[in-house]
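[1] Just need the structure, nothing else, for what follows:
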Amino acid sequence: MRAVVIKDKELYVEERPDPVPGDTELLVAVRAAGLNGADMIQRLGFYPAPPGVPADIPGMELAGEVVGIGSQVTRFAVGDRVMGVVGGGAQATLAVIDESHALPVPSTLSWPEAGGFPEVFETAHDALFSQGELTMGDRVLVTGAAGGVGTAGVQLAAAAGAVVVATVRDPARHAEVAALGAATVIDPSEVAEHGPYDVVLELVGAASLPDVLPHLATGARVVVIGVGSGSTVSVNLLTLMGARARIGGSTLRARNRREKGNVAAAVEAHVLPLLASGRITVPVCHTFALDQVEAAYAQFGAGSKLGKIVLVA
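    Residues are numbered from 1 along each chain as shown. Coordinates of the predicted model:
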């Protein structure tokens, strides 16, 4: 197979041995693989792949056709269209995924959309509903809402009957994020004017969170998912105590097989019907061939984008 490989923080496309599926795994001919912030961090050497995953082949989400199955696989068959989150190795022409982590690709979805769906929607759904305990009528703040997890979070919260306030630094993206379901799209400097917030999906990190914390509703839940602007903040604990609020954080990559399977099952039950019906969409802003991976990563790092950047076969 051909794969993107990280060497000394640089990206190369090389020939590698074909992966062999384990007993509960699918071998997938990858048609599309979305880029995520974790890939950028892994390239810099700060987010190593978990044990059992290719250490130098990035990529945490994929979509493609099943071309091989393990001895204990019962749900999927060769030829099925699948997508899902993996611990790494997705940015290649072949990859393996545990059957319990794979999702069927709706017939209405293109390969780039399928390749950009799993990581951001699973992350956003888990953060909003499992961690943030989002309920109908909550006022939700999504910071940095023009990115992949942000566009997913806005749509999922709106579909659940929440009132969504989204921060987007680029004014040119405000109308697009509003079209995804945000009731109000604001500059990050305007957070104080639109609170208090019951749930915060924090995707920016240190440059955002201190400005958000004074504007929490009683019993608010803050879930930190992204720290692109920095990971260290000073917190006034009296503010949290006064609001009876809590702050948590979440990642998917390090979870065990069962936990990841539970996240995938929840998304299949509650999100795939919305996706298949067109109620939610996967905004894809750019696609690149595997050999253009350096340009794809550069485009991701440039910011000012709406939605996903996806490598395609």
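[2] can we go C-alpha only for contacts and neighbour counts from here?
    Fine.
[3] and the nearest residue to A124 once chain neighbours are set aside, helix, strand or coil?
    Leaving aside its chain neighbours, A124 sits nearest to G153 (5.1 Å; criterion: Cα to Cα, 6 or more residues apart in numbering). Classification of G153 using DSSP: H, G, I helix; E, B strand; the rest coil returns helix.
[4] Tell me the confidence at G153?
    G153 carries a pLDDT value of 98.
[5] Equivalent analysis for the one 4 residues further on, please.
    Per-residue pLDDT puts A157 at 98.
[6] on that earlier part again, right, and the residue nearest to A124 touches F129 too?
    No - at 10.4 Å, G153 does not count as touching F129 under the criterion of Cα atoms under 8 Å.
[7] Please enumerate the shared neighbours of the two.
    Applying Cα atoms under 8 Å, 6 or more residues apart in numbering, one finds that no residue jointly contacts G153 and F129.
[8] Neighbour count: those two, which is higher?
    G153 (33 against 16; other Cα atoms under 10 Å).
[9] what residues are up against that one?
    For G153, the contacting residues are F121, A124, H125, L128, V142, A145, L201, by Cα under 8 Å, 6+ apart.
[10] What's the first helix or strand after the helix or strand containing the third one?
    With elements taken from DSSP states H and E, the one containing H125 is helix 118-125. On the C-terminal side of helix 118-125, the closest following helix or strand by DSSP H and E is strand 139-142.
[11] Could you list every helix and strand in contact with that following strand?
    With contacts taken as 3 or more Cα pairs under 8 Å, 6 or more residues apart in numbering; DSSP states H and E, strand 139-142 sits against helix 148-159, strand 163-167, strand 197-202.
[12] Minimum distance to R16: which of these has it?
    helix 148-159 (29.2 Å; Cα to Cα).
[13] Pull the CA coordinates from the closest one and hand them back as PDB.
    Backbone C-alpha positions of helix 148-159 (Å, rounded to 0.1, in the frame of the first residue of the first chain) are rendered in PDB as follows:
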ATOM      1  CA  GLY A 148     -14.800  20.500  11.500                       C
ATOM      2  CA  VAL A 149     -15.900  19.800  15.100                       C
ATOM      3  CA  GLY A 150     -17.400  23.200  15.300                       C
ATOM      4  CA  THR A 151     -19.700  22.800  12.300                       C
ATOM      5  CA  ALA A 152     -20.600  19.300  13.600                       C
ATOM      6  CA  GLY A 153     -21.400  20.700  17.100                       C
ATOM      7  CA  VAL A 154     -23.500  23.600  15.800                       C
ATOM      8  CA  GLN A 155     -25.600  21.200  13.700                       C
ATOM      9  CA  LEU A 156     -26.000  18.500  16.400                       C
ATOM     10  CA  ALA A 157     -27.000  21.100  19.100                       C
ATOM     11  CA  ALA A 158     -29.500  22.800  16.800                       C
ATOM     12  CA  ALA A 159     -31.000  19.500  15.800                       C
END
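[14] in it, what counts as buried?
    Buried residues in helix 148-159, defined by neighbour count with 16 or more other Cα atoms under 10 Å: G148, V149, G150, T151, A152, G153, V154, Q155, L156, A157, A158, A159.
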